[in-house]
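Visitor: here is a sequence with its predicted model. Questions after.
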Amino acid sequence: MASEIDPPAQPGVTATPATRSAEKQARAAEQQARAEQTLQRIFAGGDLGAETLALSNRFTDETSARWLRRLRRRPSRAEATERQHGSDRRAPGDDADGPAPA
């Protein structure tokens with residue numbers, strides 16, 4: 001289900017900010033439509049608990065899937081270098097404790 005709404009990115013293809021914004025707007029519009037459909041079913045006599053639980057579960061599943069994809073994504077080259085060498089990189093000869101004793 002979540003793959004229909006938020007397909008995984010293709011390897012080697014980066015999304016532009018405009019593409020990400022359009023995808024986010026499309027997801028929001030779909031969520032809005034599902035919420036309105038749920039309200040219509042409830043007002044038509046549907047089971048309040050079952051309808052809201054189904055809507056909540058779908059939202060949670062989609063959100064969790066996106067979060068897990070972000071966790072599993074391949075780090076960028078800068079992130080990989082930072083992880084390998086540490087974020088506190090110093091230039092050679094730059095000692096935090098001051099100059100070396102003579």
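Guide: Looks like it came in fine. Numbers count the residues shown, from 1 in each chain.

Visitor: the helices in this structure, which residues?
Guide: For the chain, applying DSSP state H gives helices covering 2-5, 17-43, 48-72, 77-85.

Visitor: now for the third one, which elements pack on it?
Guide: With contacts defined as 3 or more C-beta pairs under 8 Å, 6 or more residues apart in numbering; DSSP states H and E, helix 48-72 has these neighbours: helix 2-5, helix 17-43. Heads up, the C-betas are built off the backbone N, CA and C, glycines and all.

Visitor: list the buried residues in that helix.
Guide: Glu51, Leu55, Arg58, Glu62, Ala65 (16 or more other C-beta atoms under 10 Å).

Visitor: same question, the longest one
Guide: Neighbour counts over helix 17-43 (16+ other C-beta under 10 Å) mark Thr38, Arg41, Ile42 as buried.

Visitor: is it true that the first one touches Thr52?
Guide: Which is Thr38. Yes. Counting by C-beta atoms under 8 Å, Thr38 does reach Thr52; the two are 7.0 Å apart.

Visitor: just send the buried residues of helix 48-72 back as CSV, with pLDDT and distance to Arg74 too.
Guide: Conversion of the buried residues of helix 48-72 to CSV gives the following (pLDDT from 0 to 100; distance: C-beta to C-beta, whole Å):
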residue, pLDDT, distance to Arg74
Glu51, 91, 39
Leu55, 88, 33
Arg58, 89, 28
Glu62, 88, 22
Ala65, 91, 17
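
Visitor: closest one of the residues you listed to Gln32?
Guide: Closest to Gln32 out of the buried residues of helix 48-72 is Leu55 (11.5 Å), distances taken as C-beta to C-beta.

Visitor: which residues does the closest one contact?
Guide: Arg34, Ala35, Thr38 (C-beta atoms under 8 Å, 6 or more residues apart in numbering).

Visitor: all set now, cheers.
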